[in-house]
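Colleague: Sequence first, then the predicted structure:
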Amino acid sequence: MKKLLFSLILSIIPLISFAQNSDSLTLGKSNREFFIKGDQKFKFSEYKKVFTNTEALNYMKKANTNSTVSQIFGAIGGGLIGYGLVKEVTRNKTVYYNGVTIKKKESGGWGLIGLGLGAVGIGIPFAVSSGKNLKKAVKTQNEADSNELTKTTSYRLDIGGNGVGLSYNF
């Protein structure tokens, strides 16, 4: 009896876990699988294929623009921070004038580091806004898809070689 119950439980678990596939849109973890809709995986550049709702497409375009702006400010800020750090580390130079050693101090890179931090600070709100707009676009598209799916529910009578069945598709 224990073996029968154990084998019954083990045979039901796969049926429960793979009963329905969700066709909702989710975000992936890499650029190759940025959007996942059902079994299909889309890149970020293929967002026009994924988003059919105009409101969701507008959110996606805002997210794309904000992401580009944040990446530009982040790259400029990172470059300025890196150049300022290198200039600060290597500012003491030894110069020889007619055999005399003179230590020459150049202006430091703290100003460049400050400008770089400011540029990165400007880019952060754009990155946050990009993420929010991306989540709004996915949520809006999923809501639009669920509204379309609720209209297509149907009953069907299936007659097969072994019997008759009633199926409800939603």
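Modeller: Sure, I can see it. Residues are numbered from 1 along each chain as shown.

Colleague: elements contacting the helix or strand encompassing residue 76?
Modeller: In this assignment (DSSP states H and E), residue 76 forms part of helix 54-89. Where contact means 3 or more Cβ pairs under 8 Å, 6 or more residues apart in numbering; DSSP states H and E, helix 54-89 is packed against helix 47-50, helix 110-150. C-beta here means a position set from N, CA and C on the backbone, and glycine is covered the same way.

Colleague: Now tell me what touches the shortest one from outside.
Modeller: Going back to what we said before, that points to helix 47-50. 25, 35, 37, 42, 57, 60, 64, 141 (Cβ atoms under 8 Å, 6 or more residues apart in numbering).

Colleague: contacting residues for the first one?
Modeller: Residue 25 is in contact with 35, 36, 37, 50, 138, 141, 142, 145, counting by Cβ under 8 Å, 6+ apart.

Colleague: quick one, what contacts the second one?
Modeller: It refers to residue 36. By Cβ under 8 Å, 6+ apart, the contact set of residue 36 is 25, 26, 27, 28, 42.

Colleague: thinking again about what came up before, could you save the contacts of helix 47-50 as TSV and add columns showing pLDDT and distance to residue 120?
Modeller: Formatted as TSV, these follow (pLDDT from 0 to 100; distance: Cβ to Cβ, whole Å):
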residue	pLDDT	distance to residue 120
25	77	31
35	80	28
37	79	34
42	81	30
57	90	30
60	89	25
64	90	20
141	87	31
